[in-house]
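Undergrad: starting from these lines, generate the structure:
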Amino acid sequence: MGLISANDLTGLRADQTDALWDTCIVQAWSGTANAYGELVETYTDGSAMACRFVASSGSESHKANMTTVTMPALVRLPLGTTVTAKDRVKITKRFGETLATALVFGVEDDGIAGATCVTVKLKDVG
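TA: Numbers count the residues shown, from 1 in each chain. Below is the predicted model of the structure:
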């Protein structure tokens, strides 16, 4: 017998799906060269999906004329979701409530598929 039964795994996946109470959109990256040969980046919205946004503790950096706020985070996405390190994730709803301004983050990695979801590290978009 394995460490976890198929029925238990199914239950864990259902619990994880129930805990995805936010809504996000994966914005797929693409790049094309303009007339000067410079790379022009474009992000195309995918479909809205249930997710779980988890913010980490942020930090501030103070300079002469500017304060920079950094808020690393992660997002849990449904199993089978594909994300690349060039994409972005846009959080549009938190706890079922539409945000006045969507939160947009860069993706740090290609996501890690676990037994119940895909976990993606996020970074601030500069």
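
Undergrad: let me know the helix or strand that the nearest residue to Asn34 once chain neighbours are set aside is in.
TA: Spatial nearest neighbour of Asn34, excluding adjacent residues (CB to CB, 6 or more residues apart in numbering): Val40 at 5.1 Å. Glycine gets a C-beta too; all of them are placed from N, C-alpha and C. Here Val40 sits within strand 39-55, counting by DSSP states H and E.

Undergrad: what's the next secondary structure element after that strand?
TA: Toward the C-terminus from strand 39-55 - assigned by DSSP H and E - lies strand 59-63.

Undergrad: so which elements touch that next one?
TA: strand 66-70 (3 or more CB pairs under 8 Å, 6 or more residues apart in numbering; DSSP states H and E).

Undergrad: so what are the sheet partners of the helix or strand hosting Ile25 and their directions?
TA: Here Ile25 sits within strand 22-33, counting by DSSP H and E. Sheet pairing of strand 22-33 (DSSP bridges) gives strand 39-55 (antiparallel), strand 88-94 (antiparallel).

Undergrad: any chance of those strands in a markdown table, plus mean pLDDT?
TA: Below are those laid out as a markdown table (pLDDT from 0 to 100):
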| stretch | mean pLDDT |
| --- | --- |
| strand 39-55 | 94 |
| strand 88-94 | 96 |
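
Undergrad: what is the neighbour count of the residue nearest to Asn34?
TA: A total of 10 residues lie near Val40 under the criterion other CB atoms under 10 Å.

Undergrad: what does Gly80 give?
TA: Counted with other CB under 10 Å, the neighbours of Gly80 add up to 8.

Undergrad: got it, and Cys51?
TA: Neighbours around Cys51, by other CB under 10 Å: 25.

Undergrad: on that earlier part again, just the strands paired with strand 22-33: most buried one?
TA: Scoring the strands paired with strand 22-33 by mean neighbour count under mean count of other CB atoms under 10 Å gives strand 88-94 as the most buried, with a mean of 19.
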